[in-house]
Each structure stands twice: as C-alpha cells, then as structure tokens.
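Visitor: I would like the atomic coordinates for the input below:
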Amino acid sequence: MTLLPETARQVDARVAQAQAVGRAPSLVLGVVRDGRLAHLAAAGEHPRPDVDLQYRLGSISKTMTATLVMQLRDAGRLALDDPLERHLPGTGVGVLTLRQLLGHASGIQREPEGEWWERTAGVDLATLLAGLTADKIAYPPYATYHYSNLAYGLLGGVLERLTGTPWADLLDERILTPLGMRRTTYAATEPFARGYVVHPWHDTLREEPRTDTGAMAPAGQLWSTIEDLGRWAAFLADPDPSVLAAETLTEMCSPVVISDLEAWKGGHGLGLELFREGDRVYVGHGGSMPGYVASLAVHRPSRTAVVGFANSYGLRVGHIGGLGRQLLTLVLDAEPAPVTPWRPAAAAPPPELAELTGRWWWMGSEIEVSVDAAGELRAGPVGAPDLHFVAEGPDRWRGRAGGENGEILTVLRDDHGRAVALDIATFVHTRTPDQEP
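Guide: Modelled structure (predicted):
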C-alpha cells in the first residue's frame, strides 16, 4: 500500500527540509504500512541513501534485547520480578529486578565506569560486572524514571548466563533470522554509511570511530537498514507468534514508568519507549551512537510506522525521533485506516445466545449485549459496546477487552432455565431497571 501522491510529497518535503537545515550528510526515513515499506524519503549525497544502506541503530538495539528477555520469560526461564542477583550473583546491585532494568525504573546510573563506552572499545562481561558496586544505584528503584544504558548491558549478561549463548548469536537465532532481517548485523557490513560529526562553523565532516562495545552491545551495538528496520517496525505492530506472542508484545507496550510527569506525554514500557501524540500513543525507540542517529515510531492500531537514520550526531532542527513522530502523525492524519464495511450475519445466533442479547440494567444504568460473527459477546453502553467476552464454559464468559478484561460474566437463570440476569464481576444486570437482582 503506497502513500497518496500528496502525502508522499509532504513527507519528501519535510525530509528534504530537515536534511538541509539540520546539515545531515544523508537522511532517510521510511513509512511502513500493513507490514511493508510504503514510501522512502531520502536526502543528502554523503552517501546517497537507499533501502539497503546500513546505518547504526544505537539504542533501538534495546528493543530487541528486551524481546529476547520476554521470550525467556514466556518459556519459564525467568520471571520479570526476579532480582538481578538470581542470574548475575555478586554484582552489588543485585536487589534490582529485571522489570525495573527493562523499564528504566531501577535507578541505576546511566553509563558504566571508565572511558565513554560509545567511543572506545568495550570490555567483556566479567570486567563490566567487576566494576559494579551498590553506589551505582543513583536513585531508589521506582522513585523516578532514569534512563540507563548500563541496565541493558546487565540484561545482556543475564541472557548469556541463562542460555550459554552470546547475545549476538542469540539475537540472530531467535529474532533476525526468523524475521528475515539479513542486513541487521553486529558490525558494519558494506554497503554502510560512514558516521560523522559536522563542524559547527565550517561544515566539514569528521568521521567517527565504529567501536565494538563488548558487554554493552545489548544497549546499542547493532547496524541495520531502512528495509530491515521496517521489518522490525512491522513486527512491533503485528508480531509473528513464532517469535513472540501478541499478548506479550502488548505487555511490553504497557507503561512501567512515566518519564514526563508534567504532561504525561512520554513513558517507558518493557524495552519500548511510549510517546503520546494527541489522542494516539506511539511505541518505539530512538537511537544514537557517535556519527549516527536513528528513529523508530509505531502506531500499532493502524499498523503504520516511520523508521529513519542519519549519519551525523544530531540534527540542527531537533532529534530525528521527533521528526519521525511528526511524519507518522502526518501520514495518519492524511490517510486514516480504511473503515471496515458492515456486513450482515450469515445466520441468527443459536437460541441460548440470542436470549442474552438486548438491553440490561444495573442501578438505573443501561447496557446492551450483542453476539458477533464468532459467537462471542459484545457489551457496553448502548450504541458503543466496548466490552468483549469469550465463552469459558456453560453460562460462563471471560472478559477479553475493555474495562472488564479478565473478569467473569455469569448468566443467572430462573427455575425454568430462562436467563434473568447477567452477573458481570459481581454487578448483577437485570432485564428492567425496576427488577430486583
């Protein structure tokens, strides 16, 4: 599904403007819709961008590390509330939980000790752990949001200790190969864009080092392309269940901590950043390494995303993440998801379901109940049912969406077997507002 010509023109114009004003050697953003790359917007000639040119992902790597952790959780190998001590004993910060580390709510300091890890070769896991002491917890856990690269180095160590497999090999085996992300690699692989710092006064370029970050690799090592990052965005919108269960990805998108307590426009889930733009919530992550910035923003309900790279550190017009979210909003406003047409049911529901439909009352408040084509119940305010129940046994239904998610609906019957009330999580609804429960 390609963009409409006018939408594509506006996207291209904003990318060209950002590259020119931001002075990026090259800038590329892709729009993903329904699982495929729908549009590519590129600007700059150093080098000329295309879908197969590698840039550095930076912290977008964390979203894949978090997915590996959740795979092991689903397999019963760990629990999110496990203390770090259970998997990496003797670190000095072992009271912190995996959930806190994933969600940047652990309070642990942002970077490891020593030289700036992004511009120097990284150390091995044993050396990284040897430098940890209790005073590396900068804030009490859950007291505040505090972004930490170090947390993800530790999570990578947990993965390696539990599986006996290096993080990079585990990533390739469990995510990259199954999703066909052949051009996402640990080290730069030609063709790739060299990364630069643009001199602030005379516009010359200084090439930045491309370091192996060692034990900190799970926080930001990877290289990828627009095509591959688009595949990852499509996965985050609609996951392949052979890689990660849909309900697990939804769990990753639930807030662990709010990072913006004034306006509640940003937060962090389990490895994914959360951004509120008007009435929409986007999930994804930003990324930066010396010479590179990257953006990933996904609107899951519409299966639409924007991914992007630039090969200079920062843009004069603001961060590439903000540009990506602006373009995502532009696309969604200009081209909303098509409305699914109503179609008549093939047949009436069986009598035992039909008698549950219609209006029900509790404490003077009215709801309506209907049956969908799958034989499941929809309930809620008249004209706008927002509750979804699936059958779990005779006269017993389990909430699967809306405010009663996980709660039980029980059909209450009289001595003649007629349905006379619906008990929804102990709130008993009757057929008329005057009827006693």
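Visitor: the domain parsing of this structure - what is it?
Guide: Under the assignment automatic domain parsing, the domains of the chain span 5-334, 351-430.
Visitor: and the ones you listed: which comes nearest residue 341?
Guide: domain 351-430 (13.4 Å; C-beta to C-beta). Quick note: C-beta positions are derived from backbone N, CA and C, even for glycine.
Visitor: just how off-centre is that closest one within its chain?
Guide: 33 Å (C-alpha atoms, centre = their mean, to the nearest Å).
Visitor: what about the helices in the chain?
Guide: 5-22, 61-74, 98-102, 125-130, 149-163, 167-171, 217-220, 226-237, 246-252, 320-334, 351-354 (DSSP state H).
Visitor: who wins for proximity to residue 50 among the ones you listed?
Guide: Comparing those under C-beta to C-beta, the one sitting nearest is helix 226-237, at 7.9 Å.
Visitor: what packs against that closest one?
Guide: Applying 3 or more C-beta pairs under 8 Å, 6 or more residues apart in numbering; DSSP states H and E, one finds that helix 226-237 makes contact with strand 26-33, strand 36-44, helix 61-74, strand 280-289, strand 292-299, strand 304-310.
Visitor: per-residue confidence averaged over that helix?
Guide: Mean per-residue pLDDT for helix 226-237: 98.
Visitor: tell me how far it is from the chain's mean position?
Guide: With C-alpha atoms, centre = their mean, you get 11 Å for helix 226-237.
Visitor: so it versus strand 304-310, what angle?
Guide: 140 degrees (axes from the mean of the first three to the mean of the last three C-alpha atoms, to 10 degrees).
Visitor: now the protein, which segments are flagged as low pLDDT?
Guide: Low-confidence segments of the chain (pLDDT under 70): 317.
Visitor: and the helices of the chain: which comes nearest residue 111?
Guide: It is, among the helices of the chain and with distance given as C-beta to C-beta, helix 149-163, at 5.7 Å.
Visitor: next one: the closest one to chain centre, how far?
Guide: With C-alpha atoms, centre = their mean, you get 19 Å for helix 149-163.
Visitor: okay if I get the helices and strands packed on helix 226-237 as CSV plus mean neighbour count and distance to residue 157?
Guide: Shown next, in CSV, are these (neighbours: other C-beta atoms under 10 Å; distance: least, C-beta to C-beta, whole Å):
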stretch, mean neighbour count, distance to residue 157
strand 26-33, 26, 32
strand 36-44, 20, 35
helix 61-74, 23, 11
strand 280-289, 23, 20
strand 292-299, 27, 24
strand 304-310, 30, 28
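Visitor: can you redo the ones you listed as TSV with distance to residue 187?
Guide: Putting these into TSV (distance: least, C-beta to C-beta, whole Å) gives the following:
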stretch	distance to residue 187
strand 26-33	20
strand 36-44	24
helix 61-74	13
strand 280-289	13
strand 292-299	14
strand 304-310	17
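Visitor: so which of the ones you listed comes closest to residue 382?
Guide: Using C-beta to C-beta, the helices and strands packed on helix 226-237 put strand 280-289 closest to residue 382, at 26.8 Å.
Visitor: that closest one vs helix 320-334, what angle?
Guide: Strand 280-289 runs at 150 degrees relative to helix 320-334, counting by the same axes, to 10 degrees.
Visitor: hmm, who's touching strand 280-289?
Guide: 56-63, 118, 195, 220, 233, 236, 253, 269, 272-276, 293-300, 305, 313-314, 319-321, 324-325, 328-329, 332 (C-beta atoms under 8 Å, 6 or more residues apart in numbering).
Visitor: same thing with stretch 398-407?
Guide: Outside stretch 398-407, the residues that reach it (C-beta under 8 Å, 6+ apart) are 380, 386-390, 392, 408-409, 424-425.
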